[in-house]
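Undergrad: Fold the following, please.
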Amino acid sequence: MANLAESAAALSRNLAYLQIDLADPEFRAHLATQARATRRGFQTLLESAISAGELSRSTDAARLARTIEVAINGSLLTWAFYHDGASARWMRDNVDAVLAPHVAIRRKPRTTRHHRAK
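TA: All right, here's what the predicted structure looks like:
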């Protein structure tokens, strides 16, 4: 999605298209279909990360998918306000901040020490 904001002009153009998508019922239907598919895709990725032990088992994948969706969309707008670096990095940093509390703590495997009787 960062390609929607490769520059301020690109984001402005894409926001103009969004206005059309929101105003026209037929376009809006396609927008809603795409948004639902994107959120499902996020949820599938999160469920895989939970299964792989990368995210905490207590993570609610559906709820976190929605939060990530909000973070990404909000990141597009806030990047336009600040223009702090590349939009892709701005978005990645924001998504990382959302994911951080859910990252599973990886513990180093315990090494077994064999002690010889003296």
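
Undergrad: Just the element for Ala10, please.
TA: helix 8-23 (DSSP states H and E).

Undergrad: which strands and helices sit next to that helix?
TA: helix 25-51, helix 61-82 (3 or more CB pairs under 8 Å, 6 or more residues apart in numbering; DSSP states H and E). For every residue, glycine as well, the C-beta is placed using N, CA and C.

Undergrad: May I have the predicted confidence score for Ala8?
TA: Ala8 is assigned a pLDDT of 82 by the prediction.

Undergrad: Kindly report the same for Lys108.
TA: Lys108 is given a pLDDT of 55.

Undergrad: was I right about Thr6 contacting Trp79?
TA: Check again: residue 6 is Glu, not Thr. No - if you go by CB atoms under 8 Å, Glu6 and Trp79 don't touch, sitting 10.8 Å apart.

Undergrad: Find the residue at the geometric middle of the protein.
TA: Ranked by distance to the mean C-alpha position of the chain (CA atoms, centre = their mean), the top residue is Ile68 at 4.1 Å.
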